[in-house]
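**Student:** coords please:
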Amino acid sequence: MLNFNAHFPTRIHFGRGKIEDLGEEILSYGNKVLLVYGGGSIKRSGLYDQLLQVFQGNDINHIELSGVQPNPRISSVRQGVELCKQHQVHLVLAVGGGSTIDCAKIIAAGANYDGDAWDFFTRKAKIQHALPVGTVLTLAATGSEMSPNAVINNDDTKQKLGIGSSILIPRFSILDPEYSFTVPPEQTAAGTVDIMSHVFEQYFSPTPGTFIQNRLAEAMLKTCIHYGPLAMVQPDNYESRANLMWTGSLALNGLLGTGKRTDWATHGIEHEISALYDVTHGLGLAILTPYWMHYVLDEQTAPRLAEYARNIWGVDESDDIIAARTGIMKTARFFKSMNLAGSLKEIGVETERLAEMAEKATSRGPLGTFRKLEYQDVLNILQAAYDGTSLPLL
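**Tutor:** Presented below is the predicted three-dimensional model:
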């Protein structure tokens, strides 16, 4: 295990009715709020009316930025930055899932910067200050409600880039599982895979001696495998939604990655797909993950992949390579059982753009630490995932 420093500063208000804590949280920073949200789902669910009651009951002034996209755009960030500067906002409140929260984080950073917020992603500028951010979570997926990370799309450059800074960590997050009851099955499935992928990126590591982190990761994976399908068929099952929501937060708050070198290759590849085709992030990850696992499997990585197969899927096989392959197949079948696409072709990706995506994914250097991936490696994974028929059967 490597040396590490850890700090998990987000105050969590978890459970039914925790929206009642929102007013006090906001007022600890001021009374002018930029409310950031996506489509009309928070209005249909009644959450929007609850927010207005909180604002009115606590004399909180709010300005709204609605219409944040599932893969948030820098154009929405720019609109939010202008609103913050114009109205001298004290806090940015994101209500929704990870896309809304990511957008809110960069708005908060851009509000204290004289240039364009895209400069943070091109490394022309470093985030030095940001308005405080709070969240009301409605979708268990990205973990952005406790993380320092944000990912934004740029339609002009066809880029999807991420950035991380402790300055962006939300000060507080309201996590009421009932707000996720209205999430449809396909988004529940994609969100579950998103959580699992965050765990995978930290679990599959070359760092030895991380027993506790690995066991925590396995518990989170088992939680997703157990409760994801249940939440799809019983959307108002509080136990399922609560376990998924808390797992999503824990999966990316820094806990699992402490003392480890983490990977993130699959995320790097998927970002290029959703940058060009605007697909749901979790869906892209569901397609790529089994092919990444298969591609990186060799004598060096087999023990960890076999450990995953045995501890998560109950594979009873002494040979590490065979055990690992079995675990990979079970992973792919699980994603398929949740009615997620199994190939890039199914979601409209064009074969002639695979090389472009591989080149962009590796433009800043090789991906991953579990096994480093160069351009040709990434292209091979994309080509294998294109038609979804090349995973070997045992």
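
**Student:** C-alpha only now, for contacts and for neighbours.
**Tutor:** Noted.

**Student:** domains of the chain?
**Tutor:** 11-179, 183-387 (automatic domain parsing).

**Student:** mind putting those domains into TSV with distance to Met1 and mean pLDDT?
**Tutor:** Output for the domains of the chain, formatted as TSV (distance: least, CA to CA, whole Å; pLDDT from 0 to 100):
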stretch	distance to Met1	mean pLDDT
domain 11-179	22	95
domain 183-387	5	97
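
**Student:** want to try CSV for those, with distance to Phe4 and mean neighbour count as columns?
**Tutor:** Formatted as CSV, those follow (distance: least, CA to CA, whole Å; neighbours: other CA atoms under 10 Å):
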stretch, distance to Phe4, mean neighbour count
domain 11-179, 15, 20
domain 183-387, 5, 20
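
**Student:** switch those domains over to TSV; also include distance to Asn3.
**Tutor:** Below are the domains of the chain laid out as TSV (distance: least, CA to CA, whole Å):
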stretch	distance to Asn3
domain 11-179	18
domain 183-387	6
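
**Student:** Ile101: what secondary structure?
**Tutor:** helix (DSSP: H, G, I helix; E, B strand; the rest coil).

**Student:** next helix or strand past the helix or strand where Gly327 lies?
**Tutor:** Per DSSP states H and E, Gly327 falls inside helix 320-337. Of the helices and strands lying after helix 320-337 in sequence (DSSP H and E), the nearest is helix 354-361.

**Student:** who touches that next one?
**Tutor:** 268-269, 272-273, 367, 375-376, 378-379, 382-383 (CA atoms under 8 Å, 6 or more residues apart in numbering).

**Student:** just the closest of the residues you listed to Leu244, please.
**Tutor:** Checking the contacts of helix 354-361 against Leu244 with CA to CA, the nearest one is Gly268 at 23.9 Å.

**Student:** where do the strands sit along the stretch 1-150 of the chain?
**Tutor:** Under the criterion DSSP state E, counting those that start in this stretch, strands of the stretch 1-150 of the chain are mapped to 11-14, 32-37, 61-65, 91-96, 133-137, 149-154.

**Student:** adding distance to Leu22, write the ones you listed out as JSON lines.
**Tutor:** Output for those, formatted as JSON lines (distance: least, CA to CA, whole Å):
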{"stretch": "strand 11-14", "distance to Leu22": "9"}
{"stretch": "strand 32-37", "distance to Leu22": "12"}
{"stretch": "strand 61-65", "distance to Leu22": "13"}
{"stretch": "strand 91-96", "distance to Leu22": "10"}
{"stretch": "strand 133-137", "distance to Leu22": "9"}
{"stretch": "strand 149-154", "distance to Leu22": "23"}
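
**Student:** out of those strands, which comes closest to Asp236?
**Tutor:** Closest to Asp236 of those, according to CA to CA: strand 133-137, at 15.9 Å.

**Student:** packing partners for that closest one?
**Tutor:** strand 91-96, helix 98-110, strand 172-175 (3 or more CA pairs under 8 Å, 6 or more residues apart in numbering; DSSP states H and E).

**Student:** parallel or antiparallel, list what pairs with it.
**Tutor:** The strands beside strand 133-137 in its sheet (DSSP bridges) come out as strand 91-96 (parallel), strand 172-175 (parallel).

**Student:** dump those strands to CSV, plus distance to Ser45.
**Tutor:** As requested, those are arranged in CSV below (distance: least, CA to CA, whole Å):
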stretch, distance to Ser45
strand 91-96, 12
strand 172-175, 15
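
**Student:** for the stretch 201-350 of the chain, just list every one of the helices.
**Tutor:** 211-233, 238-251, 265-277, 281-296, 302-313, 320-337 (DSSP state H, counting those that start in this stretch).

**Student:** mind putting these in TSV, distance to Phe121 included?
**Tutor:** Formatted as TSV, those follow (distance: least, CA to CA, whole Å):
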stretch	distance to Phe121
helix 211-233	29
helix 238-251	24
helix 265-277	14
helix 281-296	19
helix 302-313	33
helix 320-337	32
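
**Student:** for Val183, which of these is the nearest?
**Tutor:** Of the helices of the stretch 201-350 of the chain, nearest to Val183 by CA to CA is helix 211-233, at 8.9 Å.

**Student:** what does that closest one contact?
**Tutor:** 184-186, 188-189, 192-193, 195-196, 199, 203, 237, 240-241, 243-244, 247, 251, 255-258, 308, 311-312, 338.

**Student:** now do stretch 363-379
**Tutor:** Stretch 363-379 has contacts (CA under 8 Å, 6+ apart) with 204-206, 261-265, 268-269, 296, 301, 354-355, 357-359, 361-362.

**Student:** one more pass at 6 Å, please.
**Tutor:** 205-206, 263-265, 358-359, 362 (CA atoms under 6 Å, 6 or more residues apart in numbering).
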